[in-house]
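> only geometry, no sequence info:
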């Protein structure tokens, strides 16, 4: 068994996908792991409407049964940040699910342009392989308890920047 990555995209906004990801009382979380408030969710939806594009990833680690939701979330954030999340114009969120008989997994919703090669959300098979490899490595590190001080510092920095942005807009 290995870490499974599935991805698809639709030429529509992320509204239905965001609703699905939040099912069963799972919170939609931002790039810092914080629960998204209504303003953040609306911003993601507005961006998807502007781009007319939503991409859905499912990250299902082989060791998911040994990981907490927090650990799966941390590995997911790190994976997306290391692959597509830092591309200009990409906005994303995620939620961790533990559905019935399925192994625990994370759903990621991303928005950005993907009309042609070079666009921020243009994903080819090499990109999927890279995302799969990074997800696998990040989930194994979570299981081994490897300290992610740099990742945690990045989460804190992003969270502080987000809080400052919210303060300025109020």
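That came in fine, so what should we check first? The model shown is predicted, which means the values in this text are computed figures rather than measured ones.
> low pLDDT regions in the chain?
Applying pLDDT under 70 to the chain flags the ranges 1-2, 24-25, 100-101, 147-156, 158-170.
> all helices of it, in order?
Here the chain has its helices, by DSSP state H, at 15-21, 38-51, 69-82, 125-144, 149-169.
> touching, residue 134 and residue 82? I think so.
Yes. Counting by CB atoms under 8 Å, residue 82 is a contact partner of residue 134 at 5.3 Å. C-beta coordinates here come from the backbone N, C-alpha and C atoms, glycine included.
> look at these two and report which has more neighbours.
residue 134 (20 against 16; other CB atoms under 10 Å).
> quick check: that one vs residue 120, distance?
To residue 120, residue 134 is 17 Å away according to CB to CB, to the nearest Å.
> with residue 93 instead?
Taking CB to CB, one finds residue 93 at 16 Å from residue 120.
> do the same with residue 113
6 Å.
> these two - which one has more neighbours?
Neighbour totals were compared for residue 113 and residue 120, and residue 120 leads with 21 against 18 (other CB under 10 Å).
> measure the more buried one to residue 69 for me?
As defined by CB to CB, residue 120 lies at a distance of 28 Å from residue 69.
> cool, and residue 44?
21 Å.
> ok, the two, which is more surrounded?
Neighbour count, other CB under 10 Å: between residue 44 and residue 69, residue 44 has more, with 24 against 16.
> wait, isn't that one in contact with residue 94?
No. Under the criterion of CB under 8 Å, residue 44 makes no contact with residue 94, lying 11.2 Å away.
> identify the contacts common to the two.
residue 109 (CB atoms under 8 Å, 6 or more residues apart in numbering).
> joint contacts of residue 113 and residue 120?
Joint contacts of residue 113 and residue 120 (CB under 8 Å, 6+ apart) are residue 89.
> on that earlier part again, can you redo the helices of the chain as CSV with distance to residue 5?
Below are the helices of the chain laid out as CSV (distance: least, CB to CB, whole Å):
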stretch, distance to residue 5
helix 15-21, 16
helix 38-51, 21
helix 69-82, 9
helix 125-144, 4
helix 149-169, 19
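> out of these, flag the one nearest residue 7.
helix 125-144 (6.2 Å; CB to CB).
> between that closest one and helix 69-82, how many degrees?
Counting by axes from the mean of the first three to the mean of the last three CA atoms, to 10 degrees, helix 125-144 lies at 140 degrees to helix 69-82.
> ok, residue 102 - contacts?
Applying CB under 8 Å, 6+ apart, the residues near residue 102 are residue 60.
> list the contacts of stretch 58-75.
1-7, 29, 33, 76, 79, 94, 96, 98, 102-108, 131, 135-136, 138-143, 148, 151.
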